[in-house]
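Peer 1: give the three-dimensional model of this entry:
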Amino acid sequence: MDTLQHKKNGSVGWITFNDPAKHNAMSLDMWTGLADALTEFEQDDDVRVVVLTGAGDRSFVSGANISQFDKLRTAADAVAEYERIAEGAQNKLYQFPKPTVARIKGYCIGAGLNLALCCDVRIASEDSTFFLPAGKMGLGYRFSAIRNLVTVVGAANALDIFLSARRFDTREALQKGLVQLTSPVDSFNQVVDDYLAKVAANAPLTLAAGKQMIRQFQQLPANTDLEQMRQLMQQCFDSEDYAEGKRAFAEKRTPQFRGR
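Peer 2: Next up, the predicted model:
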C-alpha cells in the first residue's frame, strides 16, 4: 500500500496520508512523498488549490511514526538526516505558491498539527482532536514548527498547547484560531468541497501574490540564531528523558522524566 497518495480532481490536487492502521502516522517515506507530490502539483497549471487529508474517518495525521524512532530519530546523524527530509517537505508545504487546505477529521497530533499549520486554511470536523505531545515524549521540536504555531495562535496559546501537551477539541481549536472553519460530521465533506470551489474559482496570480506577501510578514527576524535552535532540539534527542519517553510510550505507561 502506498502510504501517501496524490491525485488531481478537476482543479483540486488531493494529497492523502494513507496508513489508517497507524492513524496515518508520518513515516520517512510519507515526508519524501509529500515533497514529490507538491512538486508535481506546483508544475501543473490546472491545479488551483491543494488539499491535505487523512485516509479513513479517525485521523488526519496522528503524529510521527513511533516505530521508526529508534532507527531514524536517535543517533545524531540519523536525526539530522530525518530532519533534513522532514523539514524540507514541511518548508515546501509552507512556501507552496498555490493555496493549501488541511481537511482535518479525527486525530491531528504532533506532526499532523505541524502539517496543518503549514497549510493556509484548516477546516475541521466537530469530532476532531488536537494536541502536541512532544513534552510527553521528551523529543526535540523543530523551531520552524514552533514558529508556525505561534504565528497562527499567538504566543500565549502556543505556550498553553506546548507546555501542557493536553488534548483539546475542535470547539477550542476554533476559539484559539487554530482552525478557521468547522462543520458537523454529516456535512463536513460538503463544507470542504464548497470552500475548495470558492478558492479554485479565484484568480491564481492574485492569490499567489497575496499569499507570498503574507508569508513575507511571517518571516523570522534577521537576528534569530537558527544554529542555537537546532542545538536545543538535538539536546532533547540526546537526553535520557527522550530514551525514557520512547520506552514509556512502547510500554503504555507514564514516563518518569528527570530533566537530563
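Peer 1: so where do the helices sit in the stretch 51-200 of the chain?
Peer 2: 69-72, 76-94, 111-118, 134-137, 143-153, 155-164, 170-175, 188-200 (DSSP state H, counting those that start in this stretch).
Peer 1: who does residue 51 bridge with?
Peer 2: Following DSSP bridges, residue 51 is listed with bridge partners residue 14, residue 101.
Peer 1: element containing the nearest residue to residue 17 once chain neighbours are set aside, please.
Peer 2: Nearest residue to residue 17 in three dimensions, chain neighbours excluded: residue 24, at 4.1 Å (Cβ to Cβ, 6 or more residues apart in numbering). C-beta here means a position set from N, CA and C on the backbone, and glycine is covered the same way. Of the helices and strands defined by DSSP states H and E, none includes residue 24.
Peer 1: backbone dihedrals for residue 24, please?
Peer 2: The phi/psi pair for residue 24 (degrees, to the nearest 10) reads phi 60, psi 30.
Peer 1: ok, it - contacts?
Peer 2: 17, 18, 54, 55, 56, 59, 60, 61, 62, 112 (Cβ atoms under 8 Å, 6 or more residues apart in numbering).
Peer 1: recalculate using a threshold of 10 Å.
Peer 2: Taking Cβ atoms under 10 Å, 6 or more residues apart in numbering, we find residue 24 in contact with 3-4, 16-18, 30, 53-56, 58-63, 65, 106-107, 111-112.
Peer 1: check residue 244 too.
Peer 2: 137, 138, 255, 256, 257, 258.
Peer 1: do that again at 7 Å, thanks
Peer 2: 138, 255, 256, 257 (Cβ atoms under 7 Å, 6 or more residues apart in numbering).
Peer 1: pull the most distant pair out of those residues.
Peer 2: 138 and 256 (10.6 Å; Cβ to Cβ).
Peer 1: between the two, which is the more surrounded one?
Peer 2: residue 138 (22 against 10; other Cβ atoms under 10 Å).
Peer 1: give me the most central residue, this structure.
Peer 2: residue 115 (1.7 Å; Cα atoms, centre = their mean).
Peer 1: what does the pLDDT read for it?
Peer 2: Looking at residue 115, its pLDDT stands at 96.
Peer 1: and if you look at residue 204?
Peer 2: Note for residue 204: predicted pLDDT of 91.
Peer 1: make sure residue 166 is actually in contact with residue 130.
Peer 2: No. Using Cβ atoms under 7 Å, residue 166 is not in contact with residue 130, being 9.7 Å away.
Peer 1: shared neighbours of those two, anything?
Peer 2: Common neighbours of residue 166 and residue 130 (Cβ under 7 Å, 6+ apart) do not exist.
Peer 1: and residue 259, which helix or strand is it part of?
Peer 2: Judged by DSSP H and E, residue 259 forms part of no helix or strand.
Peer 1: quick one: contacts for it?
Peer 2: Contact partners of residue 259, counting by Cβ under 7 Å, 6+ apart, are residue 241.
Peer 1: separation between residue 92 and residue 181?
Peer 2: Using Cβ to Cβ, to the nearest Å, we find residue 92 at a distance of 24 Å from residue 181.
Peer 1: scratch that, residue 122
Peer 2: From residue 122 over to residue 181 (counting by Cβ to Cβ), the distance is 8 Å.
Peer 1: who's more crowded, these two?
Peer 2: Higher neighbour count among residue 122 and residue 181: residue 122, with 28 against 15, using other Cβ under 10 Å.
Peer 1: ok, that one touching residue 179?
Peer 2: Yes. The pair residue 122 / residue 179 is scored as a contact, 4.3 Å apart, by Cβ under 7 Å.
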